[in-house]
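Colleague: Predicted coordinates and the sequence they were generated for:
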Amino acid sequence: MLSRRSFIRNLVVGLGALTFGGWQRLVSAEGRGYYRIVVLGDPHLPVRVAEHTDVKEQQKIMAAKDDVIADINGWEDVSAVAVVGDIVARRAVQSEYEYIHSFFGKLKKKLWVVNGNHEFLYEDDLQPNGKLKVASLATWRRKLAYFAAFWQLPRRWYAKDLGRYHLIFLSTEGPLPTQIGEEQLDWFRRELSRHRDKITLVFFHGPLNHTLRTYKKSINTEKTIAMPAAAIDAILAENPQVKLWVSGHTHTPCRNPSYADMEVNHYNAHTYNIHNDCMDKKKITTNSIYLYEDHIEVRTFDHKHKKWLTEFDRSF
């Protein structure tokens with residue numbers, strides 16, 4: 001087993017083309033008239049064995065995830081891939097990161113990532129009953145620092161530009177599973193104030209409050225929405241340029257009635273939430289966000305059946 005230091009050193013070469021290249025500004029849409037971002041929701045790599053105990057089932061799920069990468073590589077118009085957290089299976093241990101290195105090493109597109117709660121919130125070792133154990137603050141800090149080092153991020157939260165669009169990537173950091181700290185909130189405010197003239201998309205693990213129907217008890221609670229809710233609400237109210245909030249975390253499938261319900265996903269007068277389903281399944285769907293000069297389109301692709309689910313097409 002590699003030491004943590006050796007592992008990170010080896011990743012500099014392996015992930016350099018993947019992530020460092022992503023820090024270069026994209027200056028054109030290659031003549032297509034749009035930028036296309038493919039969003040991956042909660043990959044949970046390689047697979048959550050507690051939820052999928054059968055080995056053959058696990059293999060099928062892992063193969064389905066590989067197939068998603070193959071599909072994306074075959075799409076010539078993809079500008080970048082954005083992953084909205086929970087990239088690790090459960091505990092952010094080294095074996096999970098080693099698999100992630102191999103998995104995303106196959107991707108031939110620019111890659112932008114944010115962390116989810118599973119990247120930092122839990123101890124390496126399970127409880128005697130096999131359940132996750134919430135980690136100490138020191139462990140949170142160590143795991144969050146490791147996430148940034150692994151992906152070669154100067155900071156866990158950052159921004160990108162695609163033509164007239166500004167993209168903001170935020171990092172959950174506790175103590176709640178989808179909570180943003182004060183330093184990051186201050187940066188978020190300043191970043192938005194400096195780019196009021198650019199239509200903005202925010203990528204974060206947790207969704208905005210009440211942008212889903214409460215289809216189960218955990219939905220629309222402090223553990224499943226972007227927190228602190230009041231502070232985020234005030235920031236968004238002051239920044240009407242924020243058009244989309246792109247999230248994962250809730251594992252809301254496309255067949256859920258509120259997945260792509262414009263009335264439900266409408267957070268305020270100007271911001272909509274785009275929900276992205278978990279990839280830890282045999283039948284995976286992903287959203288593609290098309291950024292045109294005068295509007296945005298969101299489409300959902302069924303990777304198992306290789307077809308667009310046109311009933312979920314949305315335009316903003």
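Modeller: The structure has been received and is ready for your questions. Numbers count the residues shown, from 1 in each chain.
Colleague: Run through who's touching stretch 187-201.
Modeller: For stretch 187-201, the external contacting residues (CB atoms under 8 Å, 6 or more residues apart in numbering) are 157, 159, 161, 164-168, 170, 180, 235, 238-239, 241-246, 289, 296. All C-beta atoms are positioned from the backbone trio N, CA, C, and that covers glycine.
Colleague: Okay, strands next: where are they in this protein?
Modeller: In the chain, the segments counted as strands under DSSP state E are 34-40, 80-84, 111-114, 158-162, 165-169, 199-203, 242-247, 272-275, 285-292, 296-302, 307-308, 314-315.
Colleague: now the end-to-end length of stretch 130-138.
Modeller: Counting by CA to CA, to the nearest Å, you get 22 Å between the two ends of stretch 130-138.
Colleague: What is the distance between that stretch and the centre of its chain?
Modeller: 22 Å (CA atoms, centre = their mean, to the nearest Å).
Colleague: Now do it: everything it contacts.
Modeller: Here stretch 130-138 makes contact (CB under 8 Å, 6+ apart) with 50, 90-91, 120-123, 125-127, 143, 174.
Colleague: quick one: residue 176 from residue 57, how far?
Modeller: Noted for residue 176: a distance of 31 Å to residue 57, by CB to CB, to the nearest Å.
Colleague: Give me the more crowded residue out of those two.
Modeller: residue 176 (19 against 15; other CB atoms under 10 Å).
Colleague: can you pull the contacts of the more buried one?
Modeller: Counted by CB under 8 Å, 6+ apart, residue 176 has contacts 222-223, 227.
Colleague: biggest helix in the protein by residues?
Modeller: Assignment by DSSP state H gives helix 55-74 as the longest helix of the chain.
Colleague: What residues of that one count as buried?
Modeller: By neighbour count on 16 or more other CB atoms under 10 Å, the buried set for helix 55-74 is 58, 61-62, 64-65, 68-69, 71-72.
Colleague: Check which helices and strands that helix is in contact with.
Modeller: Using 3 or more CB pairs under 8 Å, 6 or more residues apart in numbering; DSSP states H and E, the elements in contact with helix 55-74 are helix 94-104.
Colleague: out of the contacts of stretch 130-138, which is most surrounded?
Modeller: residue 120 (26 neighbours).
Colleague: what's the closest non-adjacent residue to it?
Modeller: Nearest residue to residue 120, sequence neighbours excluded (CB to CB, 6 or more residues apart in numbering): residue 143, at 4.0 Å.
Colleague: Would you mind measuring from the one you found to residue 230?
Modeller: For residue 143, the distance to residue 230 - CB to CB - is 27 Å.
Colleague: about what we covered before: just the buried members of the contacts of stretch 187-201?
Modeller: Judged by 16+ other CB under 10 Å, buried ones among the contacts of stretch 187-201: 157, 159, 165-168, 170, 180, 235, 239, 242-246, 289, 296.
Colleague: So for residue 210, which of the strands of the chain sits nearest?
Modeller: With CB to CB, the closest approach to residue 210 among these belongs to strand 272-275: 9.4 Å.
Colleague: Pull the residues that contact that closest one.
Modeller: 39, 41, 207-208, 211-212, 243-248, 250, 252, 259-260, 262, 265-267, 287, 289, 298, 316.
Colleague: From those residues, list just the buried residues.
Modeller: Buried among the contacts of strand 272-275 (16+ other CB under 10 Å): 39, 41, 207-208, 211-212, 243-248, 250, 252, 259-260, 265, 267, 287, 289, 298.
Colleague: Give the closest residue to the most centrally placed residue in the chain in space, chain neighbours not counted.
Modeller: Centroid-nearest residue in the chain, with CA atoms, centre = their mean: residue 84, separated by 0.5 Å. Spatial nearest neighbour of residue 84, excluding adjacent residues (CB to CB, 6+ apart): residue 248 at 4.0 Å.
Colleague: Repeat that for residue 207.
Modeller: Closest to residue 207 by CB to CB, 6+ apart is residue 247, at 4.1 Å.
Colleague: Report the beta-bridge partners for that neighbour.
Modeller: residue 275 (DSSP bridges).
Colleague: Can you tell me how far the residue of the chain positioned farthest from its centre is from residue 148?
Modeller: Here the chain reaches farthest from its C-alpha mean at residue 128, the gap being 30.8 Å by CA atoms, centre = their mean. According to CB to CB, residue 128 and residue 148 sit 32 Å apart.
Colleague: What of residue 213?
Modeller: In terms of CB to CB, residue 213 sits 35 Å off from residue 148.
Colleague: so who does the residue lying closest to residue 184 once chain neighbours are set aside touch?
Modeller: What sits nearest to residue 184 in space, not counting adjacent residues and going by CB to CB, 6+ apart, is residue 157, at 5.2 Å. By CB under 8 Å, 6+ apart, the contact set of residue 157 is 114, 168-171, 184, 187-188.
Colleague: Check residue 310 too.
Modeller: For residue 310, the contact set (CB under 8 Å, 6+ apart) comprises residue 299.
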